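Asks: For reference, the sequence and a predicted model appear below.
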Amino acid sequence: MRGPSRPSVFLAPSCSASGYAEFGNSNGEGVEGLPALQDYPAGVRLFTQGGASADAFFIAEGLVKLQRVQDRGQEVIVGLRGTGWFLAASAIVLERAHVVTAVTVTECTLSRIPAPQFRGLVRESRAFSWRILRMNSEEIHDQLVEAADRSSLPARERLERFLTRLVPRDAVAGPNGQWRVPIPLRQWEIADLIGVTPQYVCQLFHELEREKLAAWDGNDVILAPRLAGMFDSKRGPGRRDRSVPARAPA
């Protein structure tokens, strides 16, 4: 059973198995020389759908959601972006308006790059342009996987995969093998990301709790070892790219 779907246009989210749609090389290649890092609280709108693409943002730490308002006024979450990702890259390269709105979900550490500087780096820096190419390629790859998952996997399995992808890379399992996963999203946002209704997400969470696979603890979800075991050795938690631009002076 796939579960009831939200009546919306499908826009594949890219929340890859690396967690929060993280992207980055272990040596930080391609991020040298970016503007200094600055801290942003949760809830900050970085850019708006339909607005001019004036700045790109490099995510050194944190989680950002991408949302879009459809023609009938319905707001949908179309993706999550995390550590190592560049926001607004395609809009700046194409010199077009933003097709989504970007909002910080957690506290974020970002480097804000003016559009002319970003385009200059793409043209002149082989390492930077290669990193952007790899990032865009990973996005396309993940969108194909997400489209296939929505067409073939039951909603329950899509939710389980989504929860395991939210485990921070530096998380450590408890003595009983369980994982504590912060959930900084609302129920309807999770529903958008896995392609079902909020009511059905609630039903699925109740199923997981009855089977002792997951349990709510405040704003966190505790995952049982069986779900935590969905990680593989290459893309599981525990790795984080720390080679990022210097922080701006306070």
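Replies: Good, I have the coordinates.
Asks: can you list the weak-confidence ranges in the chain?
Replies: The chain contains residues with pLDDT under 70 at 1-30, 168-170, 228-250.
Asks: At which residues are the strands of it located?
Replies: Using DSSP state E, the strands of the chain run over 38-40, 45-47, 55-61, 64-69, 75-81, 86-87, 101-104, 108-114, 179-182, 214-217, 220-223.
Asks: what about stretch 159-178, how long is it end to end?
Replies: Stretch 159-178 stretches 17 Å from its first residue to its last (CA to CA, to the nearest Å).
Asks: how far does that stretch sit from the chain's center?
Replies: Remark: stretch 159-178 is offset 15 Å from the chain centroid, using CA atoms, centre = their mean, to the nearest Å.
Asks: max-length helix in the chain?
Replies: In the chain, taking DSSP state H as the definition, the longest helix is helix 126-152.
Asks: other SSEs contacting that one?
Replies: With contacts taken as 3 or more CB pairs under 8 Å, 6 or more residues apart in numbering; DSSP states H and E, helix 126-152 sits against helix 89-94, helix 115-124, helix 155-165. (Glycine included, C-beta is placed from N, CA and C.)
Asks: Repeat the analysis, applying 7 Å as the threshold.
Replies: Packing contacts for helix 126-152, counted by 3 or more CB pairs under 7 Å, 6 or more residues apart in numbering; DSSP states H and E, involve helix 115-124.
Asks: helices and strands around the helix it packs on, which ones?
Replies: If you count contacts as 3+ CB pairs under 7 Å, 6+ apart, helix 115-124 packs onto strand 55-61, helix 89-94, helix 126-152.
Asks: Check the offset of stretch 186-193 from the chain's centre.
Replies: 13 Å.
Asks: Can you add mean neighbour count and distance to residue 165 and give the strands of the chain back as JSON lines?
Replies: Compiled in JSON lines, these are given as follows (neighbours: other CB atoms under 10 Å; distance: least, CB to CB, whole Å):
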{"stretch": "strand 38-40", "mean neighbour count": "15", "distance to residue 165": "23"}
{"stretch": "strand 45-47", "mean neighbour count": "18", "distance to residue 165": "22"}
{"stretch": "strand 55-61", "mean neighbour count": "23", "distance to residue 165": "16"}
{"stretch": "strand 64-69", "mean neighbour count": "20", "distance to residue 165": "14"}
{"stretch": "strand 75-81", "mean neighbour count": "22", "distance to residue 165": "9"}
{"stretch": "strand 86-87", "mean neighbour count": "24", "distance to residue 165": "19"}
{"stretch": "strand 101-104", "mean neighbour count": "19", "distance to residue 165": "19"}
{"stretch": "strand 108-114", "mean neighbour count": "20", "distance to residue 165": "18"}
{"stretch": "strand 179-182", "mean neighbour count": "19", "distance to residue 165": "9"}
{"stretch": "strand 214-217", "mean neighbour count": "14", "distance to residue 165": "14"}
{"stretch": "strand 220-223", "mean neighbour count": "19", "distance to residue 165": "11"}
